[in-house]
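**Student:** Provided below for reference: sequence and predicted model.
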Amino acid sequence: MSNSNEIEKNFETLKDLSTTMSKAFEQLEQQQSKLEKNNKRLNDTNDMLLEMTKKQRLMVGSSEPSREEITNRFRVSIYKKLAALEKQLLQNQTAFTDDINFDDKDPKKMLKLKVQIHSLIEENRSLRDQLSDFQDLYDRVMAEIRSANSKTASSQTTNNQQQGNSAMYASPTTTSSLDQDDLQPLQVNVIDSDVDGLKDK
C-alpha cells in the first residue's frame with residue numbers, strides 16, 4: 001500500500017513539474033515573440049533616423065546656419081549610439097533560442113530554460129531602453145530645430161512688416177491698392193512631417 005502511495009505522489013510531482021515546465025516554455029515563446037517585434041521596431045526606427053539624418057544633411061543650406069549647427073552638434077552622438085546598437089545586435093542575435101531542447105522530465109533543462117527566459121527579458125529591456133534613448137535624442141534635436149525655425153520666421157515676419165510700413169509711408173497713395181494677403185508674413189515650413197509617425201508608434 002505504501003508503495004502505491006509513493007508511486008502516486010511521484011506521479012503527481014511529475015505532473016506538476018510537467019505543467020510548470022510547459023508554462024515556462026509558453027512564457028519563453030511569448031518573450032521571444034515580443035523581442036522579435038521590438039527588434040523589428042528598433043531596426044525600423046534606426047532606418048528612419050538614418051534617413052532623416054540624410055535628408056536634414058541635404059536640406060541644410062547657407063541660409064539656415066542654425067539648423068546646420070544643431071544637426072552637426074547631435075550627429076556625432078547619433079552615430080555613436082548607432083554604432084553601439086549595431087554592436088549589441090550583432091552580439092545578441094538570440095540564436096540561443098533556436099537550440100532549445102525541451103524535456104519536461106529533465107530538471108536541468110528546465111533550469112536552462114529559465115536562464116534563457118531571463119536572458120530574453122534582459123535583452124528585451126535593453127532594446128526598449130535603446131529605443132527610448134533614441135526617441136529622447138530625436139525629440140531634443142527636433143525641438144531645437146523647431147525653436148530655430150520659429151525664431152527665423154519671427155525675424156522674417158518683423159522684417160516684412162517693417163518693409164511694408166516703409167513702403168506705405170513712402171507712397172501713401174498706394175495704400176488703398178494693397179490687398180490684405182500682400183501683408184501676410186512669410187510662411188516657414190518645419191521639416192518634420194516625415195517623422196511624426198514615429199511618435200505614434
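**Tutor:** Sure thing, it's come through.

**Student:** Could you check how far Ala84 is from Leu28?
**Tutor:** Ala84 is 27 Å from Leu28, where distance means CB to CB, to the nearest Å. In short, each C-beta sits where N, CA and C put it, glycine included.

**Student:** quick one, which of these two is more surrounded?
**Tutor:** Between Ala84 and Leu28, counting by other CB atoms under 10 Å, Leu28 is the more crowded of the two (19 against 12).

**Student:** Can you give me the pLDDT of the nearest residue to the more buried one once chain neighbours are set aside?
**Tutor:** Distances taken as CB to CB, 6 or more residues apart in numbering place Ile117 nearest to Leu28, at 4.9 Å, with adjacent residues excluded. On the pLDDT scale, Ile117 is placed at 73.

**Student:** Using the three-state scheme, assign Ile117.
**Tutor:** Three-state assignment for Ile117 (DSSP: H, G, I helix; E, B strand; the rest coil): helix.

**Student:** element containing Arg75?
**Tutor:** helix 65-91 (DSSP states H and E).

**Student:** re earlier: residues contacting the residue nearest to Leu28?
**Tutor:** Ile117 makes contacts with 24, 27-28, 31, as judged by CB atoms under 8 Å, 6 or more residues apart in numbering.

**Student:** Now, the residues you listed that are in helices?
**Tutor:** Judged by DSSP state H, those include 24, 27-28, 31 as members of helices.

**Student:** And for Asn124, the neighbour number?
**Tutor:** Asn124, neighbours per other CB under 10 Å, totals 19.

**Student:** Sketch out the low-pLDDT regions of the chain for me.
**Tutor:** Where the chain drops to pLDDT under 70, the residues are 1-3, 53-68, 70-71, 86, 88-105, 153, 155-157, 159-201.
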